[in-house]
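S.K.: Just a sequence and a predicted model for now, questions to come.
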Amino acid sequence: MKPGRDTIEQRMRTFNAACARLGIKITHQRMEIFRAVISTEEHPDAETIHRWVKKRIPTISLDTVYRNLRLLAETDLIAIVGMSQENLRFDGNAHPHHHFVCVRCGMIRDFASNAPDSLQTPKTARVFGEPLSVHLEVKGICTGCRGDVRR
């Protein structure tokens, strides 16, 4: 599924404003990498993003994609999601949301829920520092892997 044109345009405006605020140069490569991440809800890995961007910028290197993805994640313009033992996956949806991760095929999908907002951060987590947000990741088997056609 793809975000709508209005959503993509709003995310690009947010990108431009954040880069200006943070003093980050808006290069053609950086803009196309960001656009690739925000133009899908599939949570692609760096290699997939590289393939997509390479269609528009044939000379772009995988290293350039990785460096820019790290910068975009460090500035909270995108998020790194998924299971730690697999390739890093990237999320361009900056609105509060959570993830369902299929443990078989690796599919990641967004969902909204207010339930985590009412959770208290455990004291055992607060000993490490001040929590800034709570993110819920539900791991399971997706309907595609289960062979279930119901939605």
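M.R.: That came in fine, so what should we check first? Numbers count the residues shown, from 1 in each chain.

S.K.: which residues of the protein fall in strands?
M.R.: Ranges of strands in the chain, per DSSP state E, are 79-81, 89-91, 98-102, 108-111, 137-140.

S.K.: Parallel or antiparallel, which strands does the first one pair with?
M.R.: In other words, strand 79-81. Sheet pairing for strand 79-81, assigned by DSSP bridges, gives strand 89-91 (antiparallel).

S.K.: my read: I33 touches R67, true?
M.R.: No. Using CB atoms under 8 Å, I33 is not in contact with R67, being 9.5 Å away. (C-beta placed from N, C-alpha, C; glycine too.)

S.K.: Centroid-nearest residue for this structure?
M.R.: Geometric centre of the chain, nearest residue: D91, 0.9 Å, by CA atoms, centre = their mean.

S.K.: Okay, that residue and I49: tell me how far apart.
M.R.: Using CB to CB, to the nearest Å, D91 is found at 12 Å from I49.

S.K.: Overlap of the contact sets of those two?
M.R.: The contact sets of D91 and I49 overlap at V37 (CB atoms under 8 Å, 6 or more residues apart in numbering).

S.K.: about what we covered before: quick check: the residue nearest to the centre of the chain touching A79?
M.R.: Yes. Using CB under 8 Å, D91 is in contact with A79, at 4.4 Å.

S.K.: Not counting residues beside it along the chain, what's closest to L72?
M.R.: In space, and not counting its chain neighbours, L72 is closest to I78: 4.6 Å by CB to CB, 6 or more residues apart in numbering.

S.K.: what residues are up against that neighbour?
M.R.: Neighbour list for I78: F34, V37, I38, L69, L72, F90, D91, G92, A94 [criterion: CB under 8 Å, 6+ apart].

S.K.: Recalculate using a threshold of 6 Å.
M.R.: V37, L72, F90, G92 (CB atoms under 6 Å, 6 or more residues apart in numbering).

S.K.: same deal with S39?
M.R.: I8.

S.K.: Need the residue in the protein that's farthest from the chain's center.
M.R.: Farthest-out residue of the chain from its mean C-alpha position, per CA atoms, centre = their mean: K123, at 28.1 Å.
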